[in-house]
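# Pasted the sequence and its predicted model underneath.
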Protein chains: 2
Amino acid sequence: MTTQRLSSLDWIQAGFRALLSGGEGAVRAEPLARELGVSKGSFYWHFKSVADLHNRMIDHWETAATATIIDMVEQGGGSARHRLSALMDLVMSDLDAPYGGPLAEISIRDWAQRAEFVARSQERVDAARLAYLSQLFERDGVTSKQAEANARLTYSTYIGAASLPTAERAATVQHLLTLLDLEKQNAAHG
Amino acid sequence: MTTQRLSSLDWIQAGFRALLSGGEGAVRAEPLARELGVSKGSFYWHFKSVADLHNRMIDHWETAATATIIDMVEQGGGSARHRLSALMDLVMSDLDAPYGGPLAEISIRDWAQRAEFVARSQERVDAARLAYLSQLFERDGVTSKQAEANARLTYSTYIGAASLPTAERAATVQHLLTLLDLEKQNAAHG
DNA sequence: TTGATTCCATACGGTACCGTATGGAGGCAC
DNA sequence: GTGCCTCCATACGGTACCGTATGGAATCAA
């Protein structure tokens, strides 16, 4: 029948569902086993411990949250300004990935406050995203220093907008991009 | 000696320390009792249950995070534009309140994803802050509709900037306020 | 078919917490 | 001092989880 065996990825995805609905404290072996309809004997075959699952969840998130998304934007092509819009629309969509999208970001960011390995992963993700954003702004024609400031501002707004009602998220970030365009034009003939 | 009795507020503040360092899952009776150097007999005298402490923590945060801060800004006086800056500087300062400042915001925002009473409190806090921000922008001379958009953008950036390194937080939000000024002047003679 | 390997069930001891029950120490009234 | 009230200690049963140990079923190799 449909008595299909589970892979490690199944457990990792279940872990993200639990993280979303219950926070880090809900990512535990026995509750996940119940949700997946198996016993925890399965869990301890795939993972050395609960901490092991946590590590592999964060590893999975780290690549999915940077390289994967950047690849999608780059393959979409277009001008730097267009890629900025595309990137923001992409990361703003709900439940857009196996790792849970912008809502999972909130939980992970909270988790990073108390787990070193999460904090370090978070820092790498932030750095990679900021570097990519900065690169896009620079390609769009502003100075290196200005591009970094723009990147920080855009990134902050993206993170914060995850807490807004879904309907207002995209418009809010696009509003910011409009303002940054205005600033660029103003600097050009100022 | 210093065998001072504890008040409910002592437990609530200890609850916020635990929330910061360990998330919602760490706000429990026995660990808090250990940290405060008493037994849990004390806890269950002050609170009916752990859920009772959670509710009173959120109640406490709700008033501290809105009315208290708005009062401080309004008493500082100055122009609307000056109050905006003052407000952002105030909420950006680390550990500025018994409820833990911007770092506690991250934990509470995460907590709101899975606890109804936290989500409702969060919504009220967001609404109150957005209304106040919107009011400041309107006083500064933009249209009502534009003021609301500005408020959403400013608020998103504030929330997201809490995740930036401390040194870059204030500058990032001030950067946004500068951009909004530029937009206003541009609309004035455009 | 036989053996080996993969994946899971069951059962166990151990730990940390919840909430309750009960009693004790200290201040305050008088 | 006597009683009362406030705040806390101690002790208890109950629950949920962790990690391990061990055996069983399914799959594949040959």
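It's in. Residues are numbered from 1 along each chain as shown, chains lettered A, B, ... in the order given.

# pLDDT below threshold where in chain A?
A:1-3, A:94-102, A:190 (pLDDT under 70).

# Look up the closest residue to the spatially most central residue of it, ignoring the ones flanking it.
For chain A, A:Ala65 is the residue whose C-alpha lies nearest the centre (C-alpha atoms, centre = their mean; 4.3 Å). Distances taken as C-beta to C-beta, 6 or more residues apart in numbering or on different chains put A:Val125 closest to A:Ala65, at 5.2 Å, once the chain neighbours are dropped. (Glycine included, C-beta is placed from N, CA and C.)

# For that neighbour, give me its contacts.
By C-beta atoms under 8 Å, 6 or more residues apart in numbering or on different chains, A:Val125 lies in contact with A:61-62, A:65-66.

# So the residue nearest to the centre of chain A, which state does it fall into?
Recorded secondary structure, A:Ala65: helix (DSSP: H, G, I helix; E, B strand; the rest coil).

# how close does it sit to DNA strand C?
27 Å (C-beta to the nearest atom of the strand, to the nearest Å).

# Which stretches in chain A count as helices?
A:8-22, A:29-36, A:40-46, A:50-63, A:69-76, A:80-92, A:101-111, A:116-139, A:144-161, A:166-188 (DSSP state H).

# Kindly report the residues of chain A close to chain B.
Counting by C-beta under 8 Å from any C-beta of the partner chain, the residues of chain A close to chain B are A:20-26, A:103, A:106-107, A:109-111, A:113-114, A:126, A:149, A:152-153, A:155-161, A:163-164, A:168, A:171-173, A:175-176, A:179-180, A:182-183, A:186.

# Get me the contact residues on chain A for DNA strand D.
A:28-31, A:40-41, A:44, A:48-51 (C-beta under 7 Å from any atom of the strand).

# quick one, what contacts the nearest residue to A:Gly76 once chain neighbours are set aside?
What sits nearest to A:Gly76 in space, not counting adjacent residues and going by C-beta to C-beta, 6+ apart, is A:Ala86, at 5.3 Å. Shown in contact with A:Ala86 (C-beta under 8 Å, 6+ apart): A:73, A:76, A:78.

# Which residues of chain A lie near DNA strand C?
Neighbours of DNA strand C within chain A, by C-beta under 7 Å from any atom of the strand: A:5-7, A:33, A:37-42, A:45-46.

# Closest to A:Ser121 out of those?
When the residues of chain A next to DNA strand C are ranked by distance to A:Ser121 (C-beta to C-beta), A:His46 comes first, at 20.7 Å.
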